[in-house]
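>>> coords please:
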Amino acid sequence: MKRVVLLLRVLLLVFLAVFLLKVLVWDRRIVGEVEGIFLTYEGAVYREDGLSDWHVGERLGRVRFDDGSTAYLYTVEGEPDWLHVSFGWDGREYVRESE
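Numbering: from 1, shown residues only. Reported below is the predicted structural model:
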């Protein structure tokens, strides 16, 4: 019984360490830059535009703005050419520029 409790504690500590690493390091890395109405992410350029009906998908990291501030960057579910920058209650949508 003591071994089971010890194993559960170790597993809990490992899970907590991985979770904190993801939240405090991986999700906070800078993955894009915003200059004016344009966002650069993974070599592609996105232009700020409105998307009427969307749902936030996976968190990709953070983007840095001209003034040095940062915000979280998300995918948009079902829209591979769109990204969402979140400011908490508000946000901006960006569409990929055609090449």
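>>> how close does G50 sit to E93?
Per C-beta to C-beta, to the nearest Å, G50 is found 6 Å from E93. No exception for glycine: its C-beta is placed from N, CA and C like everyone else's.
>>> neighbour-wise, which of those two wins?
Counted by other C-beta atoms under 10 Å, G50 and E93 do not tie: E93 has more neighbours, with 19 against 8.
>>> For V31, which residues are in contact?
V31 is in contact with Y41, E42, L60, G61, R62, V63, L73, counting by C-beta atoms under 8 Å, 6 or more residues apart in numbering.
>>> Find the nearest non-adjacent residue to the fourth one, please.
When the adjacent residues along the chain are set aside, G61 lies closest to V31, with 3.5 Å between them (C-beta to C-beta, 6 or more residues apart in numbering).
>>> model confidence over the helix or strand containing that neighbour, on average?
V31 is part of strand 30-35 when elements are defined by DSSP states H and E. Mean per-residue pLDDT for strand 30-35: 93.
>>> got it, and stretch 77-93?
90.
>>> hmm, who's touching it?
34, 39, 41, 46, 48-51, 54-57, 60, 63, 71-76, 94-96.
>>> Please repeat the previous calculation with a cut-off of 7 Å.
39, 41, 46, 48-51, 54-57, 63, 71-76, 94-96 (C-beta atoms under 7 Å, 6 or more residues apart in numbering).
>>> Report the buried members of those.
Neighbour-count burial (16 or more other C-beta atoms under 10 Å) is assigned, among these, to 39, 41, 46, 54, 57, 63, 71-76, 94-96.
>>> and the strand holding V31, C-alpha only, in PDB?
The C-alpha trace of strand 30-35 is given here as PDB (Å, rounded to 0.1, in the frame of the first residue of the first chain):
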ATOM      1  CA  ILE A  30       7.400  34.500 -28.700                       C
ATOM      2  CA  VAL A  31       6.300  32.900 -32.100                       C
ATOM      3  CA  GLY A  32       5.300  36.000 -34.100                       C
ATOM      4  CA  GLU A  33       5.600  39.700 -34.500                       C
ATOM      5  CA  VAL A  34       2.800  42.300 -35.200                       C
ATOM      6  CA  GLU A  35       3.600  45.500 -37.000                       C
END
